[in-house]
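# Any chance you could fold what I've pasted below:
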Amino acid sequence: MRILGLDFGTRTVGVAVSDPLGLTAQGVEIIRRKSPDKLRQTLARVEALASSYDVEKIVLGYPKHMNNTEGERCAKTREFKELLERRTTIPVELWDERLTTVAAEDIMKESGVRRENRKEYVDEIAAMLILQGYLDFAGNLAHTSQDKVQEL
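Numbering: from 1, shown residues only. Next comes the predicted model:
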């Protein structure tokens, strides 16, 4: 089962996909749009990618504030989630994305990516971090459930 990870931004959507076993996330691309409200082509591209990778679930980064409150970006993300589910008929799960962009920036700094080039990759790396966080959580949850069954 493959899972698509998305980092939904004002003008871009970073895209990552899991390996078939659901263990690791790989970056795919960044979908760019000219206007924040023009989502038709973005939705079509996500649908095409989901189809080509035989995706069974989409994990969408959910941009809560650091104090756990929801702002305007959360509302836009929920709207995008609904549009995605209608367009693709694939279940979309929201996943806390706090600090993923900061972590992506740090990864690029440590990797020696020049500051002027970082903006080009940050959304794709953030999508990878969102998806990897989800995969790690789901894997740990599965192991915990197996351990409980073995205890019985």
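# Low-confidence stretches in this structure?
99, 118, 140-152 (pLDDT under 70).
# and if we set it to 80?
In the predicted model of the chain, residues 98-106, 108, 113, 115-122, 139-152 satisfy pLDDT under 80.
# Which parts of it are strands?
Ranges of strands in the chain, per DSSP state E, are 2-8, 12-18, 25-32, 55-62, 92-96.
# who's in contact with the second one?
This points to strand 12-18. For strand 12-18, contacts defined as CB atoms under 8 Å, 6 or more residues apart in numbering pick out 2-7, 24-33, 42, 46, 49, 53, 55, 122-128, 130-132, 135. Every C-beta, even on glycine, is put in place using the N, C-alpha and C of the backbone.
# The shortest one now?
For strand 92-96, the external contacting residues (CB under 8 Å, 6+ apart) are 5, 57-62, 64, 77-78, 81, 84-85, 130, 133-134.
# Any of those buried? List them.
5, 57-62, 64, 77, 81, 84, 130, 133-134 (16 or more other CB atoms under 10 Å).
# Export those to a markdown table and append columns for distance to Val113.
Converted to a markdown table, the buried ones among the contacts of strand 92-96 look like this (distance: CB to CB, whole Å):
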| residue | distance to Val113 |
| --- | --- |
| Gly5 | 20 |
| Lys57 | 30 |
| Ile58 | 27 |
| Val59 | 25 |
| Leu60 | 25 |
| Gly61 | 21 |
| Tyr62 | 26 |
| Lys64 | 27 |
| Thr77 | 27 |
| Lys81 | 30 |
| Leu84 | 30 |
| Ile130 | 19 |
| Gly133 | 21 |
| Tyr134 | 24 |
